[in-house]
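Asker: The sequence isn't on hand, but the structure is:
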Ligand code: 0T9
């Protein structure tokens, strides 16, 4: 493959073989250096809010219908960041750092033009299998997003198939004191281009956004070789409560633009730049915060010094193993910091019933509201 440096061809081939004969937690497999990313999976929930103005704009809706349209618009506009940004930033999809239990990631997007500040709290709530819980909130606008993310992977026809486990719930405070909730399910991923050492993601099948108002978005994903022939194609149908007819249909490329198929009006446009999350300087972070925890590993990967990267990674892993042994000896259990695990999410159960969800119930991680976000003014102070 052309993406693979000559010296790593052998180890890439054996890595692919081990993927093919392995099902389960890919994150624990050792991959050749060229495919390693210096970014931990705990940073990924930030993709939900890199267009903070679209997140804030949900609050400006007047009707339930309009609110569902705005939620769909924001959701579709996150897909490019979620699924293609490593290709743009790092040259291809890469293997993220595998977060440790208790790893944290905090950030915010500043209040600009009255949109309100948006805050992000992420915690790695399980190491094996990897599960990441997140909470995003724009308090000024009364919008919250809570979710968790895990994956089940398998290998088929030369590609990695990733079933996303977990869901997200978006809650909007209404002017009358009530709340509207949106259950967001996640699409299936295929990682292609593996043979050539230049992996990229394609989305497939269907995901849903079910509002407590009854409005439902059904989003279908297709790649190259399907109906339009183009990569990253989607079609979203928004239907009214108790109706299966399409009230609005949007179609296009989730990494470019899309439009309303009956009016021709532009729906999403992600060709305009996004806003990356603001975080505090690494020196001010605690040892559990992702960028601080992984700083020497990340530097090694960035500098091409893989000896340092793997030595530093080894230190973190040993420290973790020792911690687990100590806990076991003391009969103690690791306590989550910002989230509480519940076996069954009542919102998932209630809203999931309104459309076809499998499975009928899912667990969730409920945010404890115990983090005080840094204000924009503080974070922007010169060091
Ligand atoms: C939630 C997202 C998720 C996380 C990543 C599959 C994957 C880990 C999970 C699903 C985010 O909201 C969206 C985007 C990318 C997903 C990752 C892509 C990927 O390759 C990894 C897996 C674990 C690997 O690292 C596979 C091995 C690697 C060599 C292929 C590049």
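Answerer: Ah, there it is. Predicted model only: the values in this text are computed from it and were never measured.
Asker: backbone phi and psi for residue 366, please?
Answerer: Dihedral angles of residue 366 (phi, psi; degrees, to the nearest 10) stand at phi -100, psi 130.
Asker: Correction: the previous question concerned residue 120.
Answerer: When read as degrees, to the nearest 10, the backbone of residue 120 gives phi -130, psi 130.
Asker: Correct me if wrong: it contacts residue 278.
Answerer: No: assessed by CB atoms under 8 Å, residue 120 is found out of contact with residue 278, at 9.6 Å. Placement of C-beta: from N, CA and C, glycine included.
Asker: so where's the stretch 251-383 of the chain shaky on pLDDT?
Answerer: Within the stretch 251-383 of the chain, the stretches with pLDDT under 70 are 376-383.
Asker: let me redo that: the stretch 101-250 of the chain
Answerer: Residue ranges of the stretch 101-250 of the chain with pLDDT under 70: 226-228.
Asker: Tally up the residues packed near the residue of it found nearest the ligand, please.
Answerer: Closest to the ligand within the stretch 101-250 of the chain is residue 199: 3.9 Å, counting by CB to the nearest ligand atom. By other CB atoms under 10 Å, the residues close to residue 199 number 20.
Asker: go on, residue 196?
Answerer: Neighbours around residue 196, by other CB under 10 Å: 13.
Asker: now swap in the one 4 residues further on and tell me
Answerer: Burial of residue 200, expressed as a neighbour count using other CB under 10 Å, amounts to 17.
Asker: same check, this time on residue 26
Answerer: Number of residues near residue 26 (other CB under 10 Å) recorded here: 20.
Asker: What residues does it make contact with?
Answerer: The contact partners of residue 26, by CB atoms under 8 Å, 6 or more residues apart in numbering, come to 19, 153, 160.
Asker: switch to 6 Å and redo it
Answerer: residue 153 (CB atoms under 6 Å, 6 or more residues apart in numbering).
Asker: residues of the strand of greatest length in the chain that come out buried?
Answerer: Longest strand of the chain, by residue count under DSSP state E: strand 143-156. Residues of strand 143-156 classed as buried under the neighbour-count rule (16 or more other CB atoms under 10 Å) are 143-151, 153, 155.
Asker: what's the span of stretch 80-99, first residue to last?
Answerer: End-to-end span of stretch 80-99 (CA to CA, to the nearest Å): 23 Å.
Asker: starting at the chain centroid, how far to it?
Answerer: Offset of stretch 80-99 from its chain centre (CA atoms, centre = their mean, to the nearest Å): 11 Å.
Asker: one step back: what residues are up against the closest residue to the residue of the stretch 101-250 of the chain closest to the ligand other than its chain neighbours?
Answerer: The shortest distance from residue 199 to any non-neighbouring residue, by CB to CB, 6 or more residues apart in numbering, is to residue 93 (4.0 Å). Counting by CB under 6 Å, 6+ apart, residue 93 touches 86, 199-201.
Asker: Please report how far residue 15 lies from residue 31.
Answerer: Between residue 15 and residue 31 the computed distance is 5 Å (CB to CB, to the nearest Å).
Asker: Please apply the same query to residue 220.
Answerer: Separation of residue 220 from residue 31 (CB to CB): 32 Å.
Asker: cool, and residue 114?
Answerer: For residue 114, the distance to residue 31 (CB to CB) stands at 45 Å.
Asker: ok, the two, which is more surrounded?
Answerer: More crowded of residue 114 and residue 31, by other CB under 10 Å: residue 31, with 19 against 8.
Asker: Can you tell me how far that one is from residue 156?
Answerer: Residue 31 sits at a distance of 19 Å from residue 156 (criterion: CB to CB).
Asker: Also residue 167?
Answerer: 24 Å.
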